[in-house]
Structures are given as structure tokens and as C-alpha cells.
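*Asks:* Give me a 3D structure for the following:
(one chain, ligands or ions: 1)
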Amino acid sequence: MRSTISLFLLAGMMSFFAQAAIVFEPPKGKVTFAAPKDGATVSSPVKVVMSSTVKLRPAGEDPQDHHTGHHHLIIDSAPIAAGQVIPTDDKHVHFGKGQTETELKLAPGEHTLMLQLADGAHRSYGPALSETIHITVK
Ligand SMILES: [Cu+2]
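*Replies:* The predicted model follows:
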């Protein structure tokens with residue numbers, strides 16, 4: 001009896017972990033800044049052009065779809081681990097319509113811009129689908 005219960009629990013745990021692995025598995029691909037270039041000195045507003053080899057899809061259409069995503073800019077902030085929802089504030093900008101360009105108003109000085117792709121529920125795909133650049137605003 002005890003071994004039957006253990007087996008049942010084990011099977012349950014295995015299916016839980018299998019599901020978790022599927023949910024947070026990022027698509028294969030790469031995201032890059034087409035502009036600005038890493039190390040560039042630019043003036044504000046900064047034109048940012050984002051590129052992705054993963055197909056872009058507006059947020060919310062299908063949160064379970066892990067073959068597509070949308071861009072995010074994380075400004076002067078820590079990375080968001082895979083599976084964590086990216087917050088929405090002035091340091092975390094979502095491009096939930098599938099946009100690839102924006103103009104950012106930044107104060108003069110050095111800034112770190114991180115591009116991060118995430119799924120339809122804004123869950124980060126983690127470092128595999130992220131790129132970080134450092135720029136100086138005049
Ligand atoms: Cu988002």
C-alpha cells in the first residue's frame with residue numbers, strides 16, 4: 001500500500017516537473033539591438049531598433065505559445081529570470097503589439113539597455129533571448 005502511494009506521488013511530481021519544463025522552455029533563436037550599437041554615444045531621445053529571429057506576436061493572444069514572443073526593454077535594471085513576469089514601469093517597457101522600434105527619453109550619462117523577449121503572458125524567456133548594451137547619452 002505504502003509503495004503504491006509513493007509511486008502515485010512520484011508520478012504526480014514527475015508530471016508536475018515535466019509541465020513546468022514545457023511552460024518555461026524558451027524558443028530557439030536570438031534577439032539583437034539593430035540600433036544603437038553597444039558603446040555608442042547618442043543623444044536623447046534615443047532611437048532603439050530591436051530585432052528577433054523568433055516570430056513576434058502581440059501579447060495576450062496565446063499565453064501558452066512558446067514559439068513566439070514580444071520585445072521588452074529593461075533600462076538600468078536587473079535581468080528577469082526565465083519564467084518570471086516582467087513588471088510594467090518606467091524601467092520595464094513592453095512592446096505588446098509586436099513593435100520593433102521606439103524612441104527613449106534618457107537622462108545624460110551612461111545607461112544599460114537590455115532587450116528581453118517574453119511570451120504572451122510577459123514571462124521572460126531568460127538570458128537565451130536577451131541582449132545587453134551600454135550607451136552614453138550626451
Ligand atoms: Cu510584455
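*Asks:* Low-confidence regions, the protein specifically.
*Replies:* 1-23 (pLDDT under 70).
*Asks:* Once you drop chain neighbours, what's closest to residue 68?
*Replies:* Spatially, and ignoring its direct neighbours in sequence, residue 68 is nearest to residue 57 (3.7 Å; CB to CB, 6 or more residues apart in numbering). Yep, even glycine has a C-beta here, placed from its N, CA and C like the rest.
*Asks:* shouldn't that neighbour be in contact with residue 66?
*Replies:* No. With contact defined as CB atoms under 8 Å, residue 57 does not count as touching residue 66 (10.7 Å).
*Asks:* who's the closest residue in space to residue 84 that isn't next to it in sequence bridged to?
*Replies:* Closest residue in space to residue 84, ignoring its immediate chain neighbours: residue 124 at 5.4 Å, by CB to CB, 6+ apart. As for beta bridges, residue 124 partners with residue 118 under DSSP bridges.
*Asks:* Now for residue 124: which residues touch it?
*Replies:* 72, 79, 80, 81, 82, 83, 84, 85, 86, 116, 118, 130 (CB atoms under 8 Å, 6 or more residues apart in numbering).
*Asks:* Around the ion, pick out the residues from this structure.
*Replies:* For the chain, the contact set with the ion under CB under 5 Å from the ion comprises 94, 122.
*Asks:* Tell me the spatial nearest neighbour of residue 37, not counting adjacent residues.
*Replies:* residue 133 (7.4 Å).
*Asks:* Check the burial of that neighbour by counting its neighbours.
*Replies:* Counted with other CB atoms under 10 Å, residues neighbouring residue 133 total 18.
*Asks:* what's the answer for the one 4 residues further on, then?
*Replies:* A count of neighbours around residue 137, defined by other CB under 10 Å, yields 19.
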